[in-house]
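Student: Build me a structure from this.
(chains A and B, ligands or ions: 1)
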Amino acid sequence: MSADVGVDFQTSSDSDATPLTTTDELDALESEAIHIIREVAGEFDRPVILFSGGKDSMLLVHLARKAFWPAPVPFPVLHVDTGHNFDEVIDFRDAVVERYGLTLEVASVQEYIDDGRLSERADGTRNPLQTTPLLDAITEHRHDAVFGGGRRDEERARAKERIFSLRTAFGAWDPSRQRPELWNLYNGRHKAGEHVRVFPLSNWTELDVWRYIAREEIELPSIYYAHTRDVFARDGMWLTSGPWGGPRDGEEVVTKTVRYRTVGDGSCTGAVESTATTLDEVLVEVRESRLTERGATRADDRLSEAAMEDRKKEGYF
Amino acid sequence: MTTDLLRLATAGSVDDGKSTLVGRLLYDTKSVLADQLEAVERATQGGGDPDLSLLVDGLRSEREQGITIDVAYRYFATPNRSFVLADTPGHVQYTRNTVTGASTAQLAVLLVDARHGVVEQTRRHAAVMALLRVPRLVLAVNKIDLVEYDEPTFSTIAKEFHEIAERLGYDDEAVVAIPVSAKRGDNVVLASENTPWYDGPTLLDHLESVPVDGPDAAAPFRFPVQTVIRPRTAEFPDYRGYAGLVGAGTVRVGDPVVVLPDGQRTTIEGIDRFEGPQERASAGESVVLRLADDLGVARGAVIAAADDAPEPVTEFTATLAWLHEKPLVPGRRLLVKHGTHTVQAMITEVADRLDVQTLERVPGPENLEINDIGNVSITVAEPLPLDDYERVAATGSFLVIDPQAGDTLAAGMCAPRS
Ligand SMILES: Nc1nc2c(ncn2[C@@H]2O[C@H](COP(=O)(O)OP(=O)(O)O)[C@@H](O)[C@H]2O)c(=O)[nH]1
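Tutor: Below you'll find the model as predicted:
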């Protein structure tokens, strides 16, 4: 490194031997995610995968199966059950756990409410209540790495999230302690009681997720596809009527053809109107919604609701 | 339909228009969520063009709000290619961010303000990109509207930049300068009528068509072992495979390999993936390797091409980019993470520090502080199979970690063996 920092620099185009292969984007993202998952297996003692049965957690389980094949997935899965889940999703969760021989841990918000450790919020939403049961479960099982399905494209604030994100003993994210991440060398060191949240899907976009689900034929809960459902409007979203506080006075129940873009707490997860009954149709919808021209009113409204939902997704992150 | 992936980094000085440019790329490729778009439109109500810099967290707003100034990742796509953009804030002090963004980039877009031309920051950014071996550079000469789309202004800047890049070791075809106006959109996505003298590609055209330099597919084979796969199930009672990501090169079934640092030789018996066995694997692929001999290989080992493998060493020299507020203190106990192996280490000497103004090496500094780049001598407790970073980045790079706090202190790039 003299006056010239990089002497005889050569671009890879002038190297001989094997021609450079262009990697397919999904293959590249898959290999990156598998590498991250295997690093966690190598560096941590007690990892766990957050698993709601939703599309991102199904993707994580699918990638974890690939990462360790032909051995089974060496981590348990943890579901934070708000007590407001869709029956279809719980059934689906149990079927997946059974099929792949996974160990399921459940942290139940309902139990916390029943015994008074948590109290129901005025708005009935249970998303914010998930944090305590989650952290208690992490402590109880002494998990040192917790896989989540978060992606950096979800919102601006997430754009700076690390792939290995250090959390304090109180589960808090301390921006000043986040480590720069270079190359694909992840630093998983943490003190006793701290844990690291790991996001193998960091570099995926929503469209990548759906394209990959289609390519790999990953099964999803039925509520991701269009179906008729009794819904009512609240806060600009279509909410499903159910035992969890809806509809209230003045909220009218109507029957619509809808699907969900995320699965979460039933009290605040909105459905979008859709006729997409197959994966391919969903894919078209996702692709088009991304390409919606500014000013296309209805589609815009729908999209912004959906984006809002994305953010609330699986609340605990 | 398959698309490929280009990873790029952006860098520029404050106010050069980087937020606007990145916002413009997201906006014009329709990669913006509607809620973000609405927020921008609300904020720019009262007519006028939307302020596209609002689509990304501008450095200014981050400073005002006291948010950590940090690399942010953005995503956009065209029908043929997807892009992961590491947006690195360009304040003078933030070499750290540039290094981080550059470490994974296949191309860097550097911004200058057409009114100011190449400034000190530009040199510094280009030097860091060269140091990290980012294969290609683009100079976006922004705010070309503010110099009345003047051709001589552009060519003077472009020429100066080409000279700097050449001095840093870049071939001419690896460097492209483009006159743009991020604010008005000239030559970002759509070719501009205001620059009839410019017949090169728009920024997006270039990003879409530039060859993607695969991760060292032509380099010698390197494979850091992440974990050992031993199912011990009824179906696979005796299976033993080594899982990892091919760091460099290509491997085929039957290839002779050496397991480092111990040096045992064997051959590749099989390359497995969930989908089934395959004949070969190249850089960037996550696979499982089976070896012909039972060698007791564990995490931390590197499986390498038998005829072109690095000699494991315990003493070596390297260039460090110091990333932490805590300065480097020679002699203190540290950790080095190389590939999948973390070992105890000590920095015995700081040979020089790079003066990023002049790009000269200043010998004999006492230490390295945050954002400093310098050459050091390192001793490690166990032999590491280190490559010259220029030749094989995957096994030529390492992290320096604080053993107590666990923080990442520095990014390291191994120097060629003398
Ligand atoms: N006239 C003109 N102004 C621009 C251009 N690009 C950015 N700006 C303006 O320059 C200022 C700084 O831009 P910003 O994107 O925030 O800069 P950053 O600090 O590099 O992110 C803002 O007022 C922009 O509107 C351009 O191409 N032409």
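Student: can you pull out the helices in chain A?
Tutor: In chain A, the segments counted as helices under DSSP state H are A:25-43, A:55-68, A:87-99, A:109-114, A:131-140, A:206-216, A:279-290, A:297-312.
Student: rank those helices by mean pLDDT and give me the bottom one.
Tutor: Note on the helices of chain A: lowest mean pLDDT is at helix A:297-312, with a mean of 34.
Student: Out of the helices of chain A, flag the one nearest residue A:252.
Tutor: For the helices of chain A, proximity to residue A:252 was assessed by Cβ to Cβ; helix A:297-312 is nearest, at 18.2 Å. Every residue, glycine included, has its C-beta placed from N, CA and C.
Student: Mind checking the helices of chain A for the one nearest to residue A:272?
Tutor: helix A:297-312 (5.5 Å).
Student: immediately after the biggest strand by length in chain B, which helix or strand?
Tutor: Across chain B, the strand with the greatest residue count (assigned by DSSP state E) is strand B:341-355. On the C-terminal side of strand B:341-355, the closest following helix or strand by DSSP states H and E is strand B:360-363.
Student: Is chain A within reach of that next one?
Tutor: Yes: Strand B:360-363 reaches chain A (Cβ under 8 Å from any Cβ of the partner chain) through B:360, B:361.
Student: what is the mean pLDDT for that strand?
Tutor: 90.
Student: do the same with stretch B:208-228
Tutor: Rounded mean pLDDT across stretch B:208-228 is 86.
Student: And stretch A:164-177, by the same measure?
Tutor: Mean per-residue pLDDT for stretch A:164-177: 80.
Student: Between the two ends of that stretch, how far is it?
Tutor: One end of stretch A:164-177 to the other measures 12 Å (Cα to Cα, to the nearest Å).
Student: can you redo the helices of chain A as JSON lines with mean neighbour count?
Tutor: Shown next, in JSON lines, are these (neighbours: other Cβ atoms under 10 Å in any protein chain shown):
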{"stretch": "helix A:25-43", "mean neighbour count": "24"}
{"stretch": "helix A:55-68", "mean neighbour count": "23"}
{"stretch": "helix A:87-99", "mean neighbour count": "16"}
{"stretch": "helix A:109-114", "mean neighbour count": "17"}
{"stretch": "helix A:131-140", "mean neighbour count": "18"}
{"stretch": "helix A:206-216", "mean neighbour count": "20"}
{"stretch": "helix A:279-290", "mean neighbour count": "17"}
{"stretch": "helix A:297-312", "mean neighbour count": "17"}
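Student: To residue B:286, which of those lies closest?
Tutor: Nearest of those to residue B:286, taken as Cβ to Cβ: helix A:25-43 at 3.9 Å.
Student: ok, and what's touching that closest one?
Tutor: Identification of contacts with helix A:25-43 by Cβ atoms under 8 Å, 6 or more residues apart in numbering or on different chains yields A:47, A:63-64, A:66-68, A:74-75, A:145, A:147, A:163, A:184, A:186, A:188, A:198, A:200-201, A:203-204, A:208, A:211-212, A:215, B:2-5, B:81-82, B:226-227, B:243-245, B:284-286, B:299, B:340.
Student: show me what contacts residue 286?
Tutor: No chain specified, so I'll use chain A. Here residue A:286 is in contact with A:206, A:207, A:210 (Cβ under 8 Å, 6+ apart).
Student: not quite, I wanted chain B
Tutor: If you count contacts by Cβ under 8 Å, 6+ apart, then residue B:286 has A:30, A:31, A:32, A:34, A:35, A:38, A:67, B:243, B:244, B:245, B:246, B:273 around it.
Student: now the end-to-end length of stretch A:36-55.
Tutor: Separation of the first and last residues of stretch A:36-55 by Cα to Cα is 19 Å.
Student: Would you map the strands across the stretch 1-150 of chain B?
Tutor: Using DSSP state E, counting those that start in this stretch, the strands of the stretch 1-150 of chain B run over B:4-11, B:72-77, B:81-87, B:107-113, B:136-142.
Student: now the ones you listed in CSV, with mean neighbour count?
Tutor: Listed next are those as CSV, based on neighbours: other Cβ under 10 Å:
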stretch, mean neighbour count
strand B:4-11, 23
strand B:72-77, 21
strand B:81-87, 24
strand B:107-113, 25
strand B:136-142, 26
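Student: related to what we said a few turns ago, of the contacts of residue B:286, which ones also sit close to the ligand?
Tutor: Near the ligand, judged by Cβ under 6 Å from any ligand atom, there are no entries from these.
Student: Quick check: the gap between the residue nearest the centre of chain A and residue A:283.
Tutor: Centroid-nearest residue in chain A: residue A:149, 3.1 Å away (criterion: Cα atoms, centre = their mean). For residue A:149, the distance to residue A:283 (Cβ to Cβ, to the nearest Å) stands at 18 Å.
Student: One more: residue A:42?
Tutor: Applying Cβ to Cβ to residue A:42 and residue A:283 gives a distance of 35 Å.
Student: Distance-wise, check the residue nearest to the centre of chain A relative to residue B:277.
Tutor: Counting by Cβ to Cβ, the gap from residue A:149 to residue B:277 is 30 Å.
Student: need the residues of the stretch 101-250 of chain B near chain A, please.
Tutor: Counting by Cβ under 8 Å from any Cβ, the stretch 101-250 of chain B sits next to chain A at B:103-104, B:127, B:130-131, B:133, B:135-136, B:167-171, B:173-174, B:211-214, B:216-219, B:226-227, B:229-233, B:235-236, B:239, B:243-245, B:250.
Student: Contact partners for residue 278?
Tutor: With no chain named, the answer covers chain A. Counted by Cβ under 8 Å, 6+ apart, residue A:278 has contacts residue A:225.
Student: should've been chain B
Tutor: By Cβ under 8 Å, 6+ apart, the contact set of residue B:278 is B:271, B:272, B:287.
Student: looking at the strands of the stretch 1-150 of chain B, which one has the lowest mean pLDDT?
Tutor: The stretch with the lowest mean pLDDT among these is strand B:72-77, at a mean of 88.
Student: can that one be found next to the ligand?
Tutor: No: figure legend: strand B:72-77 not in contact with the ligand (Cβ under 6 Å from any ligand atom); closest approach 11.3 Å.
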